[in-house]
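Novice: no sequence on this one, just coordinates:
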């Protein structure tokens, strides 16, 4: 340009700044670009693959990888904090492979690119420039605490979970559970005291499941730790209470006394209570006994009770049903998972059916009257009479009682016989009543033939009776024509 200035004469090729020399030029200058020598096949710049563009990672070993270029015999990898790569090279290395690991410890943003050298030894153009950031590794958890409440000793709680996330990680994340707790990557299986999680491109996003397994009563608390190299350890506080399930009965025994065979006793009951239960309570009656939730119905050989929040409070009704005479002892068992069975002792005696009356015979006068019959029984019974002149009260009953029997006057001179009968449980007993004849003898004559008083008549008496008494030889016979008796 006609002036005397200092200029840099630059010797360069496409891929590299080779050298500079400070020379004084006094003439106008021109720049001619010519292809010199044997340049060989021109190669495209390799495309970066790892680390990904605009990615981040923690300090330490960084893995670099790029596209393989056909015809390349060498690669130049440049890493810089300057996007133009004019200075601040962190690495400027030549490699024969398409990947390498380099250590970067300082935090900040970095740029990297790769060029290929052809078989003629000429460096060709660079591929795309990628950037990445070196940042401290981080871990986070949410929520930061889990509460398991009451859990039965030697059982597992239902699992609870938290989310573990991490970025810029340079190593595995180790999850460690405290004593009596276990962790897993699945809610249903795979539980252990610790886990190791490998980050993907320096990141983690996983659900961690935790369960409580107490081996003794009492509170058990601690922290599930989540740790990785260079990252602040994050804890999830866990707490739970080991408890023992209980079952109790009151009273612990029931006595049913004497019960007639093939009948049911009156029900008796006991209170059943339970806490911290993990399964249903099964109530089982012994042979010849039945149980129910209701005093009047629903009896069977067993019952099943579902706890509410682990608790049970229920009245159990029991009845005795003997089928043969004799004492029948046993236990009504009350059982549930993980708890000692509680028994209610039951006893009763089956007795044979009984129905007797006293007296079994009774002589009474011909005049009206009454008398009692005593009933000894352990069953229900009904009363009947053989004749209308015998009445009774009550007509039925159960167990011991008194039957009042009434009789009317005997109109005949002859005695008469009747029966009062009590029946129950297949048993029949009777009282025979013999009533004396009337002193007046009753009616003297009984009409046996009607005839015409103006006609001659012949008659033969073959049979006749007065009341219930047949005429006997020697008895007098009277003939009455409506006005005269002859």
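Specialist: Done, it's in. Because the structure is a prediction, the values reported are computed rather than measured.
Novice: Apart from its neighbours in sequence, what residue is nearest residue 352?
Specialist: residue 325 (5.1 Å; C-beta to C-beta, 6 or more residues apart in numbering). For the C-beta atoms, the positions are set from N, CA and C on the backbone; glycine is no exception.
Novice: Residue 65 versus that neighbour, what's the distance?
Specialist: Using C-beta to C-beta, to the nearest Å, residue 325 is found at 95 Å from residue 65.
Novice: More neighbours: which of these two?
Specialist: Using other C-beta atoms under 10 Å as the criterion, residue 325 and residue 65 rank with residue 65 on top: 16 against 13.
Novice: these two touch, right, that one and residue 52?
Specialist: No. Checked against C-beta atoms under 8 Å, the pair residue 65 and residue 52 is beyond contact range at 10.4 Å.
Novice: wait, what's in contact with residue 351?
Specialist: Shown in contact with residue 351 (C-beta atoms under 8 Å, 6 or more residues apart in numbering): 258-261, 322, 325, 378.
Novice: OK, contacts around the closest residue to residue 177 other than its chain neighbours?
Specialist: Distances taken as C-beta to C-beta, 6+ apart place residue 183 nearest to residue 177, at 4.6 Å, with adjacent residues excluded. With contacts defined as C-beta under 8 Å, 6+ apart, residue 183 is in contact with 175-177, 191-195, 208-210, 224.
Novice: Can you tell me how far residue 183 is from residue 231?
Specialist: 18 Å.
Novice: Next: residue 86.
Specialist: Distance of residue 86 to residue 231, computed by C-beta to C-beta: 35 Å.
Novice: just to revisit the earlier point, next up, identify which helix or strand the residue nearest to residue 177 is on.
Specialist: In the assignment (DSSP states H and E), residue 183 maps to strand 181-184.
Novice: As a check, name the ranges of all strands in the stretch 51-200 of the chain.
Specialist: Counting by DSSP state E, counting those that start in this stretch, the stretch 51-200 of the chain has strands at residues 55-57, 60-66, 74-80, 89-95, 99-104, 108-117, 123-126, 130-134, 138-142, 145-152, 160-167, 173-176, 181-184, 194-197.
Novice: of these, which approaches residue 340 most closely?
Specialist: strand 145-152 (12.9 Å; C-beta to C-beta).
Novice: for the closest one, packing partners?
Specialist: Judged by 3 or more C-beta pairs under 8 Å, 6 or more residues apart in numbering; DSSP states H and E, the packing partners of strand 145-152 are strand 160-167, strand 204-212, strand 234-243.
Novice: what's around residue 388, how many residues?
Specialist: A count of nearby residues for residue 388, using other C-beta under 10 Å, gives 8.
Novice: what secondary structure does it sit in?
Specialist: Assigned by DSSP: H, G, I helix; E, B strand; the rest coil, the conformation of residue 388 is coil.
Novice: which stretches of this protein have low pLDDT?
Specialist: Along the chain, segments meeting pLDDT under 70 span 1-38, 440-486.
Novice: Let me see the contact set for residue 56.
Specialist: 132-135, 167-168, 202.
Novice: what about 6 Å?
Specialist: Contacts for residue 56 (C-beta atoms under 6 Å, 6 or more residues apart in numbering) come out as 133, 135, 168.
Novice: where's it relative to residue 201, distance?
Specialist: Counting by C-beta to C-beta, the separation of residue 56 from residue 201 is 9 Å.
Novice: What of residue 88?
Specialist: 26 Å.
Novice: got it, and residue 305?
Specialist: 55 Å.
Novice: next one: residue 306
Specialist: Relative to residue 201, residue 306 is positioned 50 Å away (C-beta to C-beta).
Novice: neighbour count winner among the two?
Specialist: It is residue 201, of residue 306 and residue 201, that has more neighbours when counted by other C-beta under 10 Å, with 13 against 9.
Novice: Tell me which residue lies nearest the centroid of the protein.
Specialist: Nearest to the geometric centre of the chain sits residue 279, at 5.8 Å (C-alpha atoms, centre = their mean).
Novice: so what's that residue up against?
Specialist: Residue 279 makes contact with 336-337 under the criterion C-beta under 6 Å, 6+ apart.
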